[in-house]
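**Q** Provide a 3D model corresponding to the input given below.
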Amino acid sequence: MAGPEEDFWPEDIAKTEMVTPVSMMRAQAAILGQKTNNQLTASVQPISGAPPHFVWSFQITSPSLGGYRYEIFRVQHPLTLYPAVFMWEGHANTTVQDDRSFKDFLKQIIGSDQTKKIVQALLAQIVR
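**A** Presented below is the predicted three-dimensional model:
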């Protein structure tokens, strides 16, 4: 007769305070809809990456333009989150080493003139 199995897992195995790249991107995606009265929304979509990497696409969508999507940038990172690589159109790939650097570069992309022009051009296309 077999007895109860021993548990070798640490008690705190499921506790984490990590802030992931995808959670930071999704938080910013949610804000775009608020700022544009949902004329534009943003989403973060997974893209097939070569294991063990994750690849995420940050896309702006216009429901009024038939669901038109425009990819602003991509991020690739390993399971352990960092280093993460930003792939941003018209720019050299940028590698960041931690969540603080990730947040700083994310802020740079979202606040850039390039992103602002894309958002404004999409809003101008919407029939009001």
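
**Q** Enumerate every residue touching the closest residue to T20 other than its chain neighbours.
**A** Among residues not flanking T20 along the chain, L81 sits closest, at 6.2 Å (CB to CB, 6 or more residues apart in numbering). C-beta coordinates here come from the backbone N, C-alpha and C atoms, glycine included. Residues in contact with L81 (CB atoms under 8 Å, 6 or more residues apart in numbering) are 18, 20-21, 99.

**Q** Lowest-confidence entry in the residues you listed?
**A** Among the contacts of L81, M18 has the lowest pLDDT, at 80.

**Q** What degree of burial does it show, as a neighbour count?
**A** By other CB atoms under 10 Å, the residues close to M18 number 8.

**Q** for it, helix, strand, or coil?
**A** Secondary structure, DSSP: H, G, I helix; E, B strand; the rest coil: M18 is coil.

**Q** so what's it closest to, chain neighbours aside?
**A** With CB to CB, 6+ apart as the criterion, M18 has its nearest non-adjacent residue at 6.7 Å, and that residue is L81.

**Q** Would you quantify the distance from that neighbour to T94?
**A** 16 Å (CB to CB, to the nearest Å).

**Q** Please apply the same query to T16.
**A** Distance, T16 to T94, using CB to CB: 26 Å.

**Q** Could you verify my assumption that P83 touches D99?
**A** No - contact criterion CB atoms under 8 Å: P83 and D99 do not qualify, at 11.5 Å.
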